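Visitor: below is the sequence, then the predicted model.
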Protein chains: 2
Amino acid sequence: MSSRSQTITAILTKAILDHRLVPGCKLGERELSEIFDVSRIVIRQALIRLADDGLATIERNRGAFVAKPSLQEALELYDALTLVEQGVAAQLSERLGPSGWNELRQHVERQRQAVEAGNDALADLLGQEYHTLFVRLSRNKVMQEIHAQLIRRTTLLRSLIPADFDYCNLLDDHSRLIDLLEKGRLKPAMELIASHHNTVVRGYIMDRPAHVELTPRDALAPYLDTTRPEKGSRGSENASEIREEAGGTTSQAGKTNKIRSHRHDGHHSANANPEGTLQ
Amino acid sequence: MSSRSQTITAILTKAILDHRLVPGCKLGERELSEIFDVSRIVIRQALIRLADDGLATIERNRGAFVAKPSLQEALELYDALTLVEQGVAAQLSERLGPSGWNELRQHVERQRQAVEAGNDALADLLGQEYHTLFVRLSRNKVMQEIHAQLIRRTTLLRSLIPADFDYCNLLDDHSRLIDLLEKGRLKPAMELIASHHNTVVRGYIMDRPAHVELTPRDALAPYLDTTRPEKGSRGSENASEIREEAGGTTSQAGKTNKIRSHRHDGHHSANANPEGTLQ
DNA sequence: AAAATCTATATTGATATCCAATCCTGCATT
DNA sequence: AATGCAGGATTGGATATCAATATAGATTTT
């Protein structure tokens, strides 16, 4: 199997994407090494990987922290994401066969059913996976990895500015995009992608931050294998609960995952936070 | 300043991009730790960074090796690079001001002069930097980093399949692209970018590998600070020689950096190496 | 009392040494 | 010749230790 530091990288990544470890949170080597019951070196390696992925920053002699992107970087991230998805869209409109379009439509249909059933968490997850599926159909692993990283970083962003609708509940956009691309109407498709992301980013900019900050110990407790004897304090939940919770609502973090229809109209004066970081 | 492992990551990266460490080369922890006179752990951290960047692969209990991309990955890399540059081009054609176009033209002019002067190494370097400058004008650091990584990986590719023309000596393409974009003729500009990269990739596919394999010790000798007492065997060259050599021809590696005009015609049956890796 | 400085503690960066697991090589055997 | 085994080498990891640095608390000064 993979090395321990890789496992820990994965766990930390998941915890960050679940908004359990929020931007700015200190990732102390000693603390994490006690939590995971490994040596500091293993933790350090995991933190290096996190930093390379853009999810953490390492300050010399100060330690690692969950990354806290600036407003500038947030805009750049969505810009890059738009660029990538537009490029992939252009490729797909030329190269994708009927079975591919079908796969996309099936996915949208599943999300629609989830929305109807009121299963917000699942709908949210499917909404995110739509974009992943979209890129996967390009059959370019390099592109997939780039896109996945961008998605991770935008997910991180969302724990900074909890929007009341999440990344991809813009279901109609997804459906319309498929139609436009299959018909080869490239230009409106491009604009749709751009406005799609713009809608999301605008939603974020004006919202005010929330998110309770958990200590790493509390945040990571659900991910730990509690079959072996515990050293630390608490830790009653077991690993199986994670899957259940995956991509869904984490009550402790105070996240609200309302499904909403668009608001393309909203041109809210986007100046809630003119300066540096999205505190 | 930056940590030692970061310094070593940078040195190894440079050595790989200079084709001194070629794909498949074993990067043993003990050997490197002796070469750089640091502990194994520092080396390990550097190798992790290299692997995250796609320049090395780490196999469990076997160690790290300079990455040896498959033909498939090579094609995907150029595909991704094309996608990114097309996207940036589309943005620039809308947003770039006269001073930006001017900057690009100046760059091309400098490369033209280098070609005229017969300074192949400089022309080659400028040719590569054109693409970097291009992306930098988008003012998107996220995009810049993605692009830079793709460039690094394609550069790695070139040490696998030494083409007799290098990445970006297609001077006319660069100049024409600027003209097309400034005039807003987006579609031909996109096609130009695609064919630009296709030309390069086609050139690679049919060429047969060469490149003498150096031992890590020999390969890294020029990068070491020889002011402190040497432990290892040889090592007469000093650091100043590196700069001189940077981006240029490394005689030991047997590289040939001929500047050539295009060969858009060449539709050579591209089946020199149908199977897996570009050996 | 507020500000500035200094000291003590905690954390990181790094080294050395040690150990287990695993891979590879070479030798012996069939 | 092919197979199987043993030993060596290498990686992944643990632990203990040390120097450098940053934070926080205590002390002094204004």
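Guide: Yep, it's here.
Visitor: switch to C-alpha atoms for all contacts and neighbour counts from now on
Guide: OK.
Visitor: any idea of the pLDDT on residue A:176?
Guide: pLDDT, residue A:176: 93.
Visitor: separation between it and residue A:197?
Guide: 15 Å (C-alpha to C-alpha, to the nearest Å).
Visitor: how close does residue A:220 sit to residue B:18?
Guide: Residue A:220 is 43 Å from residue B:18, by C-alpha to C-alpha.
Visitor: what does residue A:72 give?
Guide: On the measure of C-alpha to C-alpha, residue A:72 and residue B:18 end up 34 Å apart.
Visitor: what is the mean pLDDT for the longest helix that chain A contains?
Guide: Scanning chain A for the helix with the most residues, using DSSP state H, yields helix A:71-95. For helix A:71-95, mean pLDDT is 94.
Visitor: quick one: it to helix B:71-95, angle?
Guide: Angle, helix A:71-95 to helix B:71-95, by axes from the mean of the first three to the mean of the last three C-alpha atoms, to 10 degrees: 120 degrees.
Visitor: could you see whether chain B lies near helix A:71-95?
Guide: Yes - Helix A:71-95 is in contact with chain B by C-alpha under 8 Å from any C-alpha of the partner chain, via A:73, A:76, A:77, A:80, A:83, A:84, A:86, A:87, A:88.
Visitor: of those, which is the nearest to residue A:151?
Guide: Ranked by distance to residue A:151 (C-alpha to C-alpha), the residues of helix A:71-95 next to chain B are led by residue A:77 at 8.8 Å.
Visitor: so which bits of the stretch 1-150 of chain A are right by chain B?
Guide: A:2-3, A:45, A:48-49, A:52, A:60, A:73, A:76-77, A:80, A:83-84, A:86-88, A:140-143, A:146.
Visitor: run through the helices of chain A in chain order.
Guide: Going by DSSP H, chain A shows helices at A:4-17, A:29-36, A:40-52, A:71-95, A:98-116, A:120-136, A:141-160, A:171-182, A:186-206, A:216-220, A:240-245.
Visitor: export the ones you listed to CSV and tack on distance to residue B:9 and mean neighbour count?
Guide: Below are the helices of chain A laid out as CSV (distance: least, C-alpha to C-alpha, whole Å; neighbours: other C-alpha atoms under 10 Å in any protein chain shown):
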stretch, distance to residue B:9, mean neighbour count
helix A:4-17, 19, 20
helix A:29-36, 22, 18
helix A:40-52, 12, 22
helix A:71-95, 25, 20
helix A:98-116, 41, 16
helix A:120-136, 31, 20
helix A:141-160, 21, 20
helix A:171-182, 42, 18
helix A:186-206, 35, 19
helix A:216-220, 29, 19
helix A:240-245, 36, 12
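Visitor: please identify which of these is closest to DNA strand D.
Guide: helix A:4-17 (3.3 Å; C-alpha to the nearest atom of the strand).
Visitor: which elements pack onto the closest one?
Guide: helix A:40-52, helix A:141-160, helix A:216-220 (3 or more C-alpha pairs under 8 Å, 6 or more residues apart in numbering or on different chains; DSSP states H and E).
Visitor: kindly recompute the last result at 7 Å.
Guide: Using 3 or more C-alpha pairs under 7 Å, 6 or more residues apart in numbering or on different chains; DSSP states H and E, the elements in contact with helix A:4-17 are helix A:40-52, helix A:141-160.
Visitor: about what we covered before: filter the residues of the stretch 1-150 of chain A next to chain B by proximity to DNA strand C?
Guide: Among the residues of the stretch 1-150 of chain A next to chain B, the residues within reach of DNA strand C (C-alpha under 7 Å from any atom of the strand) are residue A:60.
Visitor: report pLDDT for the residue lying closest to residue A:19 once chain neighbours are set aside.
Guide: Closest residue in space to residue A:19, ignoring its immediate chain neighbours: residue A:159 at 5.3 Å, by C-alpha to C-alpha, 6 or more residues apart in numbering or on different chains. As predicted, residue A:159 sits at a pLDDT of 81.
Visitor: ok, the residue nearest to residue A:149 when sequence neighbours are not counted to DNA strand D distance?
Guide: Leaving aside its sequence neighbours, residue A:149 sits nearest to residue A:53 (C-alpha to C-alpha, 6+ apart; 6.9 Å). According to C-alpha to the nearest atom of the strand, to the nearest Å, residue A:53 stands 18 Å off from DNA strand D.
Visitor: where does residue A:53 land on pLDDT?
Guide: 97.
Visitor: got it, and residue A:66?
Guide: Reading off the model, residue A:66 has pLDDT 96.
Visitor: any idea how far residue B:134 is from it?
Guide: 31 Å.
Visitor: again, but for residue A:218
Guide: 46 Å.
Visitor: what do you get for residue A:157?
Guide: From residue A:157 to residue B:134 the distance is 27 Å (C-alpha to C-alpha).
Visitor: what does residue A:155 give?
Guide: Counting by C-alpha to C-alpha, the gap from residue A:155 to residue B:134 is 28 Å.
Visitor: what sits against residue A:76?
Guide: B:140, B:142 (C-alpha atoms under 7 Å, 6 or more residues apart in numbering or on different chains).
Visitor: for residue A:155, same thing?
Guide: Per C-alpha under 7 Å, 6+ apart, neighbours of residue A:155: residue A:17.
Visitor: likewise residue A:107?
Guide: residue A:130.
Visitor: kindly recompute the last result at 10 Å.
Guide: Applying C-alpha atoms under 10 Å, 6 or more residues apart in numbering or on different chains to residue A:107 gives the contacts A:101, A:113, A:126, A:127, A:129, A:130, A:133, A:174, A:175.
Visitor: between those residues, which is closest to DNA strand C?
Guide: Using C-alpha to the nearest atom of the strand, the contacts of residue A:107 come closest to DNA strand C at residue A:133, 32.8 Å.
Visitor: relative to residue A:199, how far out is the closest one?
Guide: Counting by C-alpha to C-alpha, the gap from residue A:133 to residue A:199 is 21 Å.
Visitor: what of residue A:89?
Guide: 19 Å.
Visitor: residue A:96 too?
Guide: 27 Å.
Visitor: what of residue A:216?
Guide: Taking C-alpha to C-alpha, one finds residue A:216 at 32 Å from residue A:199.
Visitor: contacts only, for residue A:68.
Guide: A:22-25, A:54-57, A:74, A:156-157, A:159-160, A:277-279.
Visitor: please disregard the earlier target; I meant residue A:194.
Guide: So residue A:194 contacts A:78, A:79, A:81, A:82, A:83, A:85, A:86, A:188 (C-alpha under 10 Å, 6+ apart).
Visitor: got it, and residue A:134?
Guide: Per C-alpha under 10 Å, 6+ apart, neighbours of residue A:134: A:85, A:88, A:89, A:92, A:100, A:101, A:103, A:104, A:144, A:174, A:178.
Visitor: likewise for residue A:5?
Guide: For residue A:5, the contact set (C-alpha under 10 Å, 6+ apart) comprises A:11, A:38, A:41, A:42, A:43, A:44, A:45, A:46, A:47, A:48, A:49.
Visitor: so for it, what's the pLDDT?
Guide: 94.
Visitor: domain boundaries for chain A, per the record?
Guide: A:1-68, A:71-206 (automatic domain parsing).
Visitor: can you lay out these as CSV showing distance to residue B:118?
Guide: What follows is the domains of chain A, written out as CSV (distance: least, C-alpha to C-alpha, whole Å):
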stretch, distance to residue B:118
domain A:1-68, 40
domain A:71-206, 36
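Visitor: weakest of those domains by average pLDDT?
Guide: domain A:71-206 (a mean of 88).
Visitor: what parts of chain A come near DNA strand C?
Guide: Looking at DNA strand C, the residues of chain A close enough under C-alpha under 7 Å from any atom of the strand are A:27, A:28, A:29, A:30, A:44, A:58, A:59, A:60, A:61, A:62, A:63, A:64.
Visitor: any chance of those in TSV with distance to residue A:120 as columns?
Guide: Formatted as TSV, those follow (distance: C-alpha to C-alpha, whole Å):
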residue	distance to residue A:120
A:27	31
A:28	34
A:29	36
A:30	38
A:44	37
A:58	35
A:59	38
A:60	41
A:61	43
A:62	40
A:63	37
A:64	33
